[in-house]
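how would this look folded up:
(chains A and B)
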2 protein chains.
Amino acid sequence: MTEPKPTNAPDLPLEIEDEGARHARKMAKKKAARDKIMATKEGEKGLIIVLTGPGKGKSSSGFGMILRSIAHGMPCAVVQFIKGAWSTGERTLIETHFPELCRFYAMGEGFTWETQDKARDIAAARRGWEQAKALIRDPDVRMVLLDEINIAIRYEYLPISEILEFLKNEKPPMTHVVLTGRNAAEPLIELADLVTEMGAVKHPFRAGIKAQKGVEF
Amino acid sequence: MTEPKPTNAPDLPLEIEDEGARHARKMAKKKAARDKIMATKEGEKGLIIVLTGPGKGKSSSGFGMILRSIAHGMPCAVVQFIKGAWSTGERTLIETHFPELCRFYAMGEGFTWETQDKARDIAAARRGWEQAKALIRDPDVRMVLLDEINIAIRYEYLPISEILEFLKNEKPPMTHVVLTGRNAAEPLIELADLVTEMGAVKHPFRAGIKAQKGVEF
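Okay, here's the model as predicted:
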């Protein structure tokens, strides 16, 4: 997509060309360029989307994509690998208003540094992944959000090779799979079609502000 | 927030300390450190949140935050400065299901390179900003999303000084304001409490995939 640029650098004196006319000419040129680029984008496919990085916005973006899918009437599903990333309010909203369009599974038993039981965490991650595979294989489900799965991969609770293999060979071509969590594995980034790295330019925790309703959860 | 690290670097031979016990000990330490940090986060305040950068996820994250606010029963509002950033489906979803919790205003007349009429764009941005001010001042509204306002600022359709002045002096202390769009102005980033820069590591347009339902809109 073409990056919009400010149009305040005049290349003709205002006496010669009226500012409004100049703006219209520039914008028409920009639009033509953009239309030309967009016309080459013909393909449609189910995307592997990775939302990673230390910045805030990974889970809220995943939540937004699920609601966007619901808004289009496209059946979707969420598997939550780490408890606490979403509030129960968000889950309740989906389950109350859109039970026919979105299935929700919370597999995590809490952040790993809160459970202190590696065997239990591994078992929970495994159950989550088995559920995820069934949902991705289901031809009726158009988008599956694997929330915080990158954490489970990074702790080696799930073998990355198995996940890559499945996404490559068994994901139906039109199904979107969204994988979130910081520190996404490099081979997953290589496989993905769309990757956003969320950088934390500023985080309110640094200023002594605690996690707040509507923002962090 | 403490960055979770993989725990697969043994510092004692397995014969001396059982792997499960070692994991539990490490995680207990991590949890204690995290609890200590979180205990210092006492403050609550309405945040100025900026979601910027070229990567995908700014609008879906904003949409997710609005839905999160709705999920908590917190009244909120959206002012959309550029048409097309959200699909009508998303707006319909909010207006159909949550009319009592979220007000929605679409002020833009289309992307600026599609209208080619600077005076009309400026007038639309101005109407959007006047609406935004009224919503932010309203003590019942807990979160206001100014979607793609950064584009209007960058094109100088809205004076950044006026926006900074208002956010500094007139925003009620407990109201969250979320400003999205790439190329956020530097003084806005300085003023903000939370800033996420979304980097485009990979974008499907580059691979010839067109904008798709549920992903881009």
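
got the CA positions of the longest strand along chain A in CSV?
Looking across chain A with DSSP state E, the single longest strand is strand A:194-202. Provided in CSV are the C-alpha atoms of strand A:194-202 (Å, rounded to 0.1, in the frame of the first residue of the first chain):
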residue,chain,number,x,y,z
LEU,A,194,1.4,-11.5,7.3
VAL,A,195,3.6,-10.7,10.3
THR,A,196,3.2,-7.6,12.5
GLU,A,197,5.9,-6.9,15.1
MET,A,198,4.4,-4.7,17.9
GLY,A,199,7.1,-2.5,19.3
ALA,A,200,6.6,-1.0,22.8
VAL,A,201,7.5,2.6,22.3
LYS,A,202,5.9,3.5,25.7
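
Adjacent strands (with direction) for it?
Strand A:194-202 has the following strand partners under DSSP bridges: strand A:48-52 (parallel), strand B:194-202 (antiparallel).

got CSV for the ones you listed, with mean pLDDT too?
Listed next are these as CSV, based on pLDDT from 0 to 100:
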stretch, mean pLDDT
strand A:48-52, 95
strand B:194-202, 89
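
and these, which is most packed in?
Highest mean neighbour count of the strands paired with strand A:194-202: strand A:48-52, a mean of 26 (counted as mean count of other CB atoms under 10 Å in any protein chain shown). (Each C-beta comes from the backbone N, C-alpha and C, glycine too.)

Skip ahead from the least confident helix or strand in chain A by mean pLDDT and say which helix or strand is next.
Least confident helix or strand, chain A: helix A:112-115 with a mean of 57, by mean pLDDT, DSSP states H and E. The helix or strand immediately downstream of helix A:112-115 is helix A:118-137, counting by DSSP states H and E.

model confidence over that next one, on average?
The pLDDT scores in helix A:118-137 average 92.

do that helix and chain B meet?
Yes. Against chain B, helix A:118-137 shows contacts by CB under 8 Å from any CB of the partner chain at A:118-119.

if we can go back for a sec, quick one: closest of the strands paired with strand A:194-202 to B:Gly128.
B:Gly128 lies closest, by CB to CB, to one member of the strands paired with strand A:194-202: strand B:194-202, at 21.7 Å.

Run the chain-centre distance for that closest one.
Remark: strand B:194-202 is offset 11 Å from the chain centroid, using CA atoms, centre = their mean, to the nearest Å.

Give me the contact list for that strand.
For strand B:194-202, the external contacting residues (CB atoms under 8 Å, 6 or more residues apart in numbering or on different chains) are A:50, A:53, A:55-57, A:189, A:192-204, A:215, B:47-58, B:61, B:184, B:189.

And for stretch A:94-103?
Outside stretch A:94-103, the residues that reach it (CB under 8 Å, 6+ apart) are A:66, A:69-70, A:73-78, A:104, A:135, A:141, B:97.

With neighbour count and secondary structure as extra columns, can I get the residues you listed in a markdown table?
Listed next are the contacts of stretch A:94-103 as a markdown table, based on neighbours: other CB atoms under 10 Å in any protein chain shown; DSSP: H, G, I helix; E, B strand; the rest coil:
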| residue | neighbour count | secondary structure |
| --- | --- | --- |
| A:Ile66 | 29 | helix |
| A:Ser69 | 27 | helix |
| A:Ile70 | 24 | helix |
| A:Gly73 | 14 | coil |
| A:Met74 | 19 | coil |
| A:Pro75 | 17 | coil |
| A:Cys76 | 27 | strand |
| A:Ala77 | 24 | strand |
| A:Val78 | 24 | strand |
| A:Phe104 | 19 | strand |
| A:Leu135 | 23 | helix |
| A:Val141 | 20 | coil |
| B:His97 | 18 | helix |
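
List just the nearest of these to B:Lys118.
Nearest member of those to B:Lys118, counting by CB to CB, is A:Ser69, at 36.1 Å.

pLDDT at the closest one, what is it?
For A:Ser69, pLDDT reads 93.

And for A:Ile16?
49.

Quick check: A:Asn169 vs chain B, distance?
Noted for A:Asn169: a distance of 19 Å to chain B, by CB to the nearest CB, to the nearest Å.

Equivalent analysis for A:Val141, please.
12 Å.

just checking, that residue touches A:Val78?
No. Using CB atoms under 8 Å, A:Val141 makes no contact with A:Val78, being 10.7 Å away.

all strands for chain A, in order.
Going by DSSP E, chain A shows strands at A:48-52, A:76-80, A:102-106, A:143-147, A:176-180, A:194-202.

Output those strands as a markdown table; include the columns distance to B:Leu179.
Below are the strands of chain A laid out as a markdown table (distance: least, CB to CB, whole Å):
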| stretch | distance to B:Leu179 |
| --- | --- |
| strand A:48-52 | 20 |
| strand A:76-80 | 27 |
| strand A:102-106 | 29 |
| strand A:143-147 | 25 |
| strand A:176-180 | 23 |
| strand A:194-202 | 13 |
